[in-house]
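Colleague: here's a sequence, model it:
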Amino acid sequence: MITTKLSFLFFVGTLCAGPLLAADVEAGKAKSEELCADCHGDEGYGDDAFPSIAGMPVEEFTKAMQEYKEGTRDNARMIKIAKKLSDAEVADLAAYFAQFTPAE
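Modeller: Alright, predicted model coming up:
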């Protein structure tokens, strides 16, 4: 009985973590160079005009991008960019930016 419960919990945990484990940091870097670097910089640290996304937790980055896709976050440029991205590309970008130390 305990083995069955542990197996079930492991299975559910694997399903939840799967997308995070599948993220490709190198693909995120390449996509960042294509779409993000002009405003947020090479590693996402931004500047006076654009916010830092370096060190942003994966969940927070993913939620923000989903809100841009839905149009519930108001930034025309980000909405346009987010709508071009697949869920896998968002996961790759989230993994890439999460590896950096957050800006202070």
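
Colleague: list the contacts of the spatially closest residue to Ser52 that is not a sequence neighbour.
Modeller: Excluding its sequence neighbours, the residue lying closest to Ser52 (Cβ to Cβ, 6 or more residues apart in numbering) is Ala103, at 3.7 Å. Bear in mind the C-beta positions are built from the backbone N, C-alpha and C, glycine included. Contact analysis of Ala103 by Cβ atoms under 8 Å, 6 or more residues apart in numbering lists 45-46, 52, 54-55.

Colleague: can you pick out the most distant pair from these?
Modeller: Pairwise distances across these (Cβ to Cβ) peak at 11.4 Å, for the pair Gly46 and Gly55.

Colleague: off-centre distance for stretch 60-77?
Modeller: Counting by Cα atoms, centre = their mean, to the nearest Å, stretch 60-77 is centred 11 Å from the centre of its parent chain.

Colleague: what's the mean pLDDT across that stretch?
Modeller: Stretch 60-77 shows a mean pLDDT of 97.

Colleague: list the contacts of that stretch.
Modeller: With Cβ under 8 Å, 6+ apart, stretch 60-77 has contacts from 39, 53, 56, 78-79, 81-83, 85, 90-91, 93-94, 97-98.

Colleague: backbone dihedrals for the residue most central in space within the chain, please?
Modeller: What sits nearest the mean C-alpha location of the chain, by Cα atoms, centre = their mean, is Ala94, with 2.1 Å. Here is the backbone geometry of Ala94 (degrees, to the nearest 10): phi -60, psi -40.

Colleague: contacting residues for it?
Modeller: Neighbour list for Ala94: 23, 28, 56, 58, 61-62, 65 [criterion: Cβ under 8 Å, 6+ apart].

Colleague: go with 10 Å
Modeller: Residues in contact with Ala94, defined by Cβ atoms under 10 Å, 6 or more residues apart in numbering, are 19-20, 23, 25, 28, 53, 56-65.
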